[in-house]
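Enquirer: Predicted model and sequence below, questions to follow.
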Protein chains: 4
Amino acid sequence: MITIVVGTNRKNSRTREVAQYYQNLLRQEKVESQILDLSELPDDFTTSALYENTGKNPVFNALRTTVERADQYVFIVPEYNGSFPGVLKAFLDGLSYPSKLMHKQAALVGLSDGIQGGALALSHLNDIFSYLGLNVLAQRVKIPLMKKNFQDGKVTDDFINQLLREQAGLLARSRLFV
Amino acid sequence: MITIVVGTNRKNSRTREVAQYYQNLLRQEKVESQILDLSELPDDFTTSALYENTGKNPVFNALRTTVERADQYVFIVPEYNGSFPGVLKAFLDGLSYPSKLMHKQAALVGLSDGIQGGALALSHLNDIFSYLGLNVLAQRVKIPLMKKNFQDGKVTDDFINQLLREQAGLLARSRLFV
Amino acid sequence: MITIVVGTNRKNSRTREVAQYYQNLLRQEKVESQILDLSELPDDFTTSALYENTGKNPVFNALRTTVERADQYVFIVPEYNGSFPGVLKAFLDGLSYPSKLMHKQAALVGLSDGIQGGALALSHLNDIFSYLGLNVLAQRVKIPLMKKNFQDGKVTDDFINQLLREQAGLLARSRLFV
Amino acid sequence: MITIVVGTNRKNSRTREVAQYYQNLLRQEKVESQILDLSELPDDFTTSALYENTGKNPVFNALRTTVERADQYVFIVPEYNGSFPGVLKAFLDGLSYPSKLMHKQAALVGLSDGIQGGALALSHLNDIFSYLGLNVLAQRVKIPLMKKNFQDGKVTDDFINQLLREQAGLLARSRLFV
């Protein structure tokens, strides 16, 4: 079971649509997945689920448990201000300590309206996951120029589709430690 | 007028104490400053002040205006999970577009209990400020081992104090563009 | 006097052509500049000018002196393997210690055949310059898709030209510390 | 067979001593390894083995073949000017294209006299390996304060030893794709 994280709390985001598209790619690899959308986060989680309130918000706890039970992840990450959405990092800041992502595995996908495709966002996130002990697949896939490359719920660019299928295939066949 | 940003929304944080210490250093340089503490952020700002609600939360707007009117900044940034607090980035995600930080100037200070002093946090933040057009002083100051190096509201390590004074002095004497 | 560094030792590189183009932009700002091309590096500088041989290679020393006497820099940096050319960093590794770039100022330009324009190269380089005390202008300019965007010695894309002119103008008007 | 890369061309480096220490750790995991020391690079490789001379230097080619035949790597990386040695990147710039490191696996170890342990060096290198398709273990091990923590060819700090043994063990047990 792979968990696909929608890396923004924006409602009805294109990021979510990309997550659904990725779920289809995983289905073709015969792998089950579930989507965790950060728009489900409680409105006040940055105070009600952090610091002295860690563990006290049941809605946050449910999302946290979903993430922490998984073994593999796909993070779909829109580019906000040259990096990832702050909300995604705030969510990670509310996870259990010590990290329950340790020795697990993630694949990263970056989205942008501009031409970067979240290159720096994925670099920064890779550093954070390294800190948390979460192994990141080398192949980071970037989807730049979203308006052109993602239409009607589908990636339209052949090369990007090939990269996504390769990444999904690697994730499906990965067995990190034996 | 320099704005010192307390880069976490944790209540009564040591980060705030470091901000107050820095304010004293600036006073010795004959420079006025004000402190903006992210603990003043509305509990629900990640929904009430972002996306379709941009500009609609008066408490958030007041903080935003304070930041956007300033010309120089000091960001005091605790290390959370190998980077900056997600809340700091979420605050930046709620600022005006296009960026009103353009052509202004910032100094970065990182804090950690461990030995890194937020090295990666400051690198990530520098990338984001580059995107926003905010010039960052080369001298990033790191305060690692906070329990040892920061006691009773004061930095106890001589070398770190020297670095902080140099940084404060550079900020005070900077006139980026003429 | 601004020094424009050609960030690769490849002979007759397009990077050099971009440096010449940038020199013209600076001329329009009424600023003198000189070009330092890393293709002038001695073939064996990674042994004859580093470690126990620091300072012993007169050709390397001459290039080093040229760089260290300048106050402002433009680094033109092609993307090699997702970052800057190793040779550029090896050249920086041979500069004097302590850093004579301290408190000076640099502008960064990234080049690539692909769509990144050296985004990560410039981020990595900014970290290194921060270590060396060299202040980096927030505006990092990226020239992706070089075959399309740089023809006959000229940047053909209007928006990239605008960004380059803005950057050159900022550099010309900067007076960091007074 | 794991290849341990000594990430500097300095002769008789402490980096090499750390590589030998790591080789012992791998032996305890019942894994064979070989050391590739960048001090074996030809003096003029930055011209004789790059660009129009790619593939023409037999000494460089032999080192390249050694690296490209391996399936797993440990990179021992001293901190130079806030990042990795330029020579290490120049060596990577001379490898075959397309990358023969694709779908393989690496572990990173950073060394420094200061307190960073090469934190930024390993972050930058992780980005480059991501570009080359080389999967990097999440656990980056840092050895700061080398004079204190590495004496007589041995890591003296218990916690760093534990981290190194964990990393070596993970590498020994990894089977990325099945």
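Expert: It's in.

Enquirer: So what's the residue count around the spatially closest residue to residue A:134 that is not a sequence neighbour?
Expert: Of all residues not flanking residue A:134 in the chain, residue A:101 sits nearest, at 4.1 Å (C-beta to C-beta, 6 or more residues apart in numbering or on different chains). (Glycine included, C-beta is placed from N, CA and C.) The number of residues packed near residue A:101 is 23, by other C-beta atoms under 10 Å in any protein chain shown.

Enquirer: which stretches of chain A aren't confidently modelled?
Expert: Chain A contains residues with pLDDT under 70 at A:178.

Enquirer: Run through the residues of it sitting next to chain C.
Expert: A:115-117, A:119-120, A:123, A:144 (C-beta under 8 Å from any C-beta of the partner chain).

Enquirer: Rebuild these as a markdown table, extending it with neighbour count.
Expert: Formatted as a markdown table, the residues of chain A next to chain C follow (neighbours: other C-beta atoms under 10 Å in any protein chain shown):
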| residue | neighbour count |
| --- | --- |
| A:115 | 17 |
| A:116 | 24 |
| A:117 | 27 |
| A:119 | 25 |
| A:120 | 26 |
| A:123 | 27 |
| A:144 | 22 |
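
Enquirer: Quick check: the residue nearest to residue A:134 touching residue A:135?
Expert: No - applying C-beta atoms under 8 Å, one finds residue A:101 not in contact with residue A:135, separated by 9.3 Å.

Enquirer: Show me the common contact partners of those two, please.
Expert: residue A:129 (C-beta atoms under 8 Å, 6 or more residues apart in numbering or on different chains).

Enquirer: ok, then the element right after the one helix or strand residue A:167 maps to?
Expert: Assessed by DSSP states H and E, residue A:167 sits inside helix A:158-173. Next helix or strand after helix A:158-173 toward the C-terminus (DSSP H and E): strand A:174-177.

Enquirer: Strand partners (parallel or antiparallel) of that following strand?
Expert: strand D:174-177 (antiparallel) (DSSP bridges).

Enquirer: now residue A:43, what's its secondary structure?
Expert: State at residue A:43, reduced to three classes by DSSP: H, G, I helix; E, B strand; the rest coil: coil.

Enquirer: Now the closest residue to it other than its chain neighbours: phi and psi?
Expert: Computed as C-beta to C-beta, 6+ apart, the closest residue to residue A:43 that is not its neighbour in sequence is residue B:44, at 4.0 Å. Phi and psi for residue B:44, reported as degrees, to the nearest 10, are phi -110, psi 20.

Enquirer: do residue A:11 as well
Expert: phi -70, psi 140.

Enquirer: residue contacts, it?
Expert: Neighbours of residue A:11 in contact, by C-beta under 8 Å, 6+ apart: A:39, B:51-52.

Enquirer: where does residue A:8 fall, helix, sheet strand or coil?
Expert: With three-state DSSP as the criterion, residue A:8 reads coil.

Enquirer: Tell me which helix or strand residue A:92 sits in.
Expert: helix A:86-93.

Enquirer: how about the residues of chain A that lie near chain B?
Expert: So chain A meets chain B at A:9-11, A:41, A:43-48, A:50-52, A:80-93, A:120, A:124, A:127-128, A:130-132 (C-beta under 8 Å from any C-beta).

Enquirer: Return the members of the residues you listed classed as buried.
Expert: A:9-10, A:41, A:44-48, A:50-51, A:80-93, A:120, A:124, A:127-128, A:130-132 (16 or more other C-beta atoms under 10 Å in any protein chain shown).

Enquirer: which stretches of chain A form helices?
Expert: A:14-28, A:45-48, A:58-69, A:86-93, A:119-132, A:146-149, A:158-173 (DSSP state H).

Enquirer: quick one: which of these is nearest residue D:164?
Expert: For the helices of chain A, proximity to residue D:164 was assessed by C-beta to C-beta; helix A:119-132 is nearest, at 16.0 Å.

Enquirer: CA atoms only: put that closest one into CSV for me.
Expert: Provided in CSV are the C-alpha atoms of helix A:119-132 (Å, rounded to 0.1, in the frame of the first residue of the first chain):
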residue,chain,number,x,y,z
ALA,A,119,13.4,21.7,-8.7
LEU,A,120,14.4,23.6,-5.5
ALA,A,121,11.3,22.4,-3.7
LEU,A,122,12.2,18.8,-4.3
SER,A,123,15.9,19.5,-3.3
HIS,A,124,14.8,21.0,0.0
LEU,A,125,12.3,18.2,0.7
ASN,A,126,14.9,15.6,0.0
ASP,A,127,17.1,17.2,2.7
ILE,A,128,14.2,17.1,5.2
PHE,A,129,13.4,13.5,4.3
SER,A,130,17.1,12.6,4.8
TYR,A,131,16.8,14.1,8.3
LEU,A,132,13.7,12.0,8.9
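
Enquirer: How far does that helix sit from its chain's centre?
Expert: Distance of helix A:119-132 from its chain centroid, counting by C-alpha atoms, centre = their mean, to the nearest Å, is 12 Å.

Enquirer: what sits against the residue in chain A positioned nearest to chain C?
Expert: Closest contact between chain A and chain C, by C-beta to the nearest C-beta, is at residue A:119 (4.6 Å). Contacts of residue A:119 were listed using C-beta under 8 Å, 6+ apart, and they are A:110, A:142, C:116, C:119-120.

Enquirer: what's the closest non-adjacent residue to the residue of chain A most remote from its centre?
Expert: Distance to the chain centre peaks in chain A at residue A:52, reaching 26.6 Å (criterion: C-alpha atoms, centre = their mean). In space, and not counting its chain neighbours, residue A:52 is closest to residue B:11: 7.8 Å by C-beta to C-beta, 6+ apart.

Enquirer: any idea how far that neighbour is from residue B:118?
Expert: Between residue B:11 and residue B:118 the computed distance is 20 Å (C-beta to C-beta, to the nearest Å).

Enquirer: again, but for residue A:156
Expert: 41 Å.

Enquirer: ok, now residue A:81?
Expert: From residue A:81 to residue B:118 the distance is 19 Å (C-beta to C-beta).

Enquirer: now swap in residue A:130 and tell me
Expert: Taking C-beta to C-beta, one finds residue A:130 at 15 Å from residue B:118.

Enquirer: show me what contacts residue A:31?
Expert: Residue A:31 neighbours (C-beta under 8 Å, 6+ apart): A:2, A:168, A:171-172.

Enquirer: I'd guessed residue A:20 sits against residue A:154; true?
Expert: No - counting by C-beta under 8 Å, residue A:20 sits too far from residue A:154 to count as a contact (10.0 Å).

Enquirer: For the residue nearest the centre of chain A, list each beta-bridge partner.
Expert: Nearest residue to the geometric centre of chain A (C-alpha atoms, centre = their mean): residue A:75, 1.4 Å. According to DSSP bridges, the partner residues bridging residue A:75 are residue A:5, residue A:108.

Enquirer: how about it, what does it touch?
Expert: Per C-beta under 8 Å, 6+ apart, neighbours of residue A:75: A:5, A:7, A:88, A:106-109, A:125.
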